[in-house]
Every structure is written in C-alpha cells, then in structure tokens.
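Asker: Provide a 3D model corresponding to the input given below.
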Amino acid sequence: MSASTEHDQLILHTALTAGRIMIENGSEIERVEDTMTRIATNAGARTSQLFVMITGILMAINGEVGAQIQPVKRRTFDLEKIAVVNELSREFAVQQITLQQFADRLDHLDSVSKYFPFWLQLLAAALVSGPLEVVFRHNLHDFWITCLVGMVGWAVYYLISKYVEIRFLAEFASAAVIGLLAVWSHHLGLGNSVDDIIIGSVMPLVPGVPITNSVRDILAGNLVSGPARGVEALVSAAAIGFGIAMVLQFL
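Answerer: Take a look at the predicted model:
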C-alpha cells in the first residue's frame with residue numbers, strides 16, 4: 001500500500017470516527033457534516049463526499065480510496081464528547097496536533113465511558129427534578145421528595161440502559177418506578193400532589209435533545225435524519241407516558 005493510500009485511509013478513519021462519536025452522543029447532522037468535511041480538508045484531501053444519517057455514515061475522499069461506511073449502533077447524550085471532538089478538530093486545523101495524534105485521541109475518546117460519575121449524574125437529576133417541579137407547578141412543599149424520586153428514577157434508567165440492550169425499556173421502567181414512588185410518597189404523607197411529583201421527576205428522562213436536533217435537522221434540509229430523530233423522540237416519550245399510565249391505572 002502506497003504512502004498516499006495509507007494517508008487517505010487515515011483521513012477516512014479519523015473523519016468517520018469523529019462523525020460517529022458526535023452522532024452517538026447527540027450532535028445534529030449539520031454539525032457532523034461540517035466537522036468531517038473540515039477534517040478531510042485540513043488533512044489535505046482534495047475532495048470529500050459525505051452521506052450522513054443517524055444510523056450510519058458513508059464517506060469517500062479524492063476518488064482514489066473506496067467509500068467506507070461507519071455504522072452508528074447506539075445513541076446517547078454526552079455533549080462533553082461532542083465538545084472534545086470539535087476542540088480536537090480546531091487543534092488539528094491550526095496544526096497543533098498531527099493527523100495520527102488526532103486519530104489516536106479520537107480512538108481513546110471513543111473507548112472511555114461517560115465523563116461524569118454516577119453520583120454526579122444523580123445529583124444533576126435531583127437538581128433538574130425539584131426546581132422544575134417548583135417552576136411548573138409552584139409546589140414548594142413537594143420540592144425535596146421530587147428531588148429524591150427524580151434521583152431514583154434516573155438511577156433505574158442508568159442501570160437498565162447500561163446492562164439491558166433493549167431500546168426504550170429503560171424509559172418505560174424508570175417512569176413506572178417514578179409513578180410508583182410518587183403514589184407511595186403521597187400515601188405516606190411525604191408529598192402533597194402525585195401529579196406534581198411525577199411531572200418534576202420525569203424531567204431528566206424527557207427527550208429534549210432528540211426533539212431539538214430533529215427540528216434543526218429538518219430546517220437544515222436533512223429530511224431523512226430529522227424525521228427519524230423525531231420518531232425516536234416520540235417513541236421515547238410514549239414509553240415514559242406508558243410507564244406512568246400503567247402505575248396510575250392499577251394504583
């Protein structure tokens with residue numbers, strides 16, 4: 001294999017890895033396309049062709065190396081990883097790092113787990129649940145119990161997502177647990193309103209990022225990825241609703 005071909009292969013590997021990491025962690029398609037194009041251009045590629053969807057990426061450069069496909073098998077949300085990819089792309093653009101260093105750092109970034117430890121995620125879930133319950137429902141009495149229920153709900157979501165590879169099961173199960181705890185806390189006198197506790201506690205589970213990215217992709221002309229993200233967000237929201245409804249129906 002010639003040096004030119006090896007260089008082109010490295011460009012493809014770097015750009016495809018960067019794009020996949022960004023999609024897997026919640027980036028909109030337009031940002032992915034822009035980042036991958038900049039990587040190829042800054043690496044010396046004369047031309048680059050891209051076809052990006054939320055389930056896979058197809059890329060070819062220079063018309064000499066065959067197009068390569070990078071499948072996207074999972075999708076979660078870690079905006080920190082997206083920021084790191086963008087920062088590495090900027091460092092490469094100003095030649096602070098080489099293409100090989102860029103590729104190595106992307107491979108390392110891809111192998112690490114979430115940046116934030118579990119306890120910090122629980123704290124964040126509490127700080128989302130309680131304050132939003134007060135904002136939306138003006139019920140200060142149920143603030144602390146909503147924080148607690150939101151934390152438990154997020155813990156269930158995190159653990160199921162980590163160990164069970166069934167889409168939307170985590171949303172359904174965590175919503176059911178939230179509904180159950182909200183009803184129990186009301187019966188035990190720890191909370192005044194079941195509805196208010198549920199509304200605040202499910203906020204960490206609401207698919208806000210997919211909905212936002214769906215609208216942005218559609219407005220940018222990505223009429224495949226945009227509706228696909230929207231359907232994914234709607235199914236996620238439906239799973240949350242079914243979990244709550246099942247508990248309220250039987251309790």
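
Asker: distance of L205 from V183?
Answerer: The gap separating L205 from V183 is 18 Å, by Cβ to Cβ, to the nearest Å. For the C-beta atoms, the positions are set from N, CA and C on the backbone; glycine is no exception.

Asker: any chance you could map the helices in this structure?
Answerer: 3-24, 29-42, 79-93, 99-111, 118-137, 143-163, 169-187, 194-201, 208-219, 225-250 (DSSP state H).

Asker: how big is the angle separating the first one from helix 29-42?
Answerer: Using axes from the mean of the first three to the mean of the last three Cα atoms, to 10 degrees, the inter-axis angle of helix 3-24 relative to helix 29-42 is 160 degrees.

Asker: chain center to helix 3-24: distance?
Answerer: 21 Å (Cα atoms, centre = their mean, to the nearest Å).

Asker: neighbour-wise, which of L205 and V183 wins?
Answerer: Taking other Cβ atoms under 10 Å, L205 and V183 do not tie; L205 has more neighbours (25 against 18).

Asker: Contacts only, for the more buried one.
Answerer: G153, W154, Y157, E171, S174, A175, I240 (Cβ atoms under 8 Å, 6 or more residues apart in numbering).

Asker: Among those residues, which one is most surrounded by other residues?
Answerer: When neighbours are taken as other Cβ under 10 Å, the top entry among the contacts of L205 is G153 (31 neighbours).

Asker: Surely it is in contact with A125?
Answerer: Yes. If you go by Cβ atoms under 8 Å, G153 and A125 touch, sitting 7.3 Å apart.

Asker: any common contacting residues for those two?
Answerer: Both G153 and A125 are in contact with P204, where contact means Cβ under 8 Å, 6+ apart.

Asker: hmm, back to that, of all the helices of the chain, which lies closest to Q49?
Answerer: Q49 sits nearest to helix 29-42 of all the helices of the chain, at 9.6 Å, using Cβ to Cβ.

Asker: quick one: buried residues of that closest one?
Answerer: 29-33, 35-42 (16 or more other Cβ atoms under 10 Å).

Asker: averaged over its residues, what pLDDT does it have?
Answerer: Per-residue pLDDT values over helix 29-42 give a mean of 94.

Asker: cool, stretch 233-251 as well?
Answerer: Mean predicted confidence for stretch 233-251 is 93.

Asker: Run through who's touching it.
Answerer: 168-169, 171-180, 183, 194, 198, 202, 205-207, 210-211, 214.

Asker: One more: stretch 80-97?
Answerer: Stretch 80-97 is touched from outside by 18, 21-22, 25-27, 31, 35, 38-39, 42-43, 98-99, 102, 105-106, 109, 115-116, with contacts defined as Cβ under 8 Å, 6+ apart.

Asker: avg pLDDT for that stretch?
Answerer: The average pLDDT within stretch 80-97 is 93.

Asker: next one: stretch 182-196
Answerer: 94.
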